[in-house]
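Trainee: Starting from these lines, generate the structure:
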Amino acid sequence: MGLIVPAQLSSWFDDYSPTLVLYARQWLPVESAEDVVQDTFIRLMSQPREPANIRAWLFRSVRNAAISQLRLQGRRKKHERQLAADRQQNLFEHRTEDLIDASELQVALESLPQEQREIVVLRLWAGMTLRETAEVVGEPVSTLFSRYRSGLAALRRKLELSCKTKNA
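Mentor: Take a look at the predicted model:
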């Protein structure tokens, strides 16, 4: 077994890639299966020597990569579902009588100055930290913190006023 020659690599790709893609499709959609096969050939190029049984090496490598990709996608979907469930919880919900009407909240939010509204939305609905928000907006964290506090205070005042007029 010697070093892998580019012409030999090309020949292996032509000979095995269609079957490897079909094999990877047991676990993955076609686009992901093709990516796994291409990644496997890239890994093969970085091998110091030609594997003893190239066919077995390719199929084992594709199998391992496809299963890893499938697990990664499963973890990602689980994480995304959990984030969505967490986001759906009403951030203001404590007691039934304290629930805020979504349309009232939307009106109150729209009444905020754009600079405050953007920070509040990024913090509460996107779940960003002040540091991340500062990167997005391109402003200092201290400025954003001040806007965030002011925005929350304004929302609180508007929503309290709305609740008082509703109960009166």
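Trainee: Quick one: residues contacting Thr133.
Mentor: 119, 122-123, 144 (C-beta atoms under 8 Å, 6 or more residues apart in numbering). C-betas here are computed from N, CA, C, even on glycine.
Trainee: Arg75 versus that one, what's the distance?
Mentor: According to C-beta to C-beta, to the nearest Å, Thr133 and Arg75 sit 27 Å apart.
Trainee: nearest to Ile67, of the contacts of Thr133?
Mentor: Leu122 (37.0 Å; C-beta to C-beta).
Trainee: show me what contacts the closest one?
Mentor: Counting by C-beta under 8 Å, 6+ apart, Leu122 has contacts 128, 132-133, 136-137.
Trainee: mind checking the SS state of it?
Mentor: When classified by DSSP: H, G, I helix; E, B strand; the rest coil, Leu122 comes out as helix.
Trainee: Relative to Ser150, how far out is it?
Mentor: 15 Å.
Trainee: Check Trp27 too.
Mentor: Distance, Trp27 to Ser150, by C-beta to C-beta: 51 Å.
Trainee: of these two, who's got more company?
Mentor: Trp27 (19 against 16; other C-beta atoms under 10 Å).
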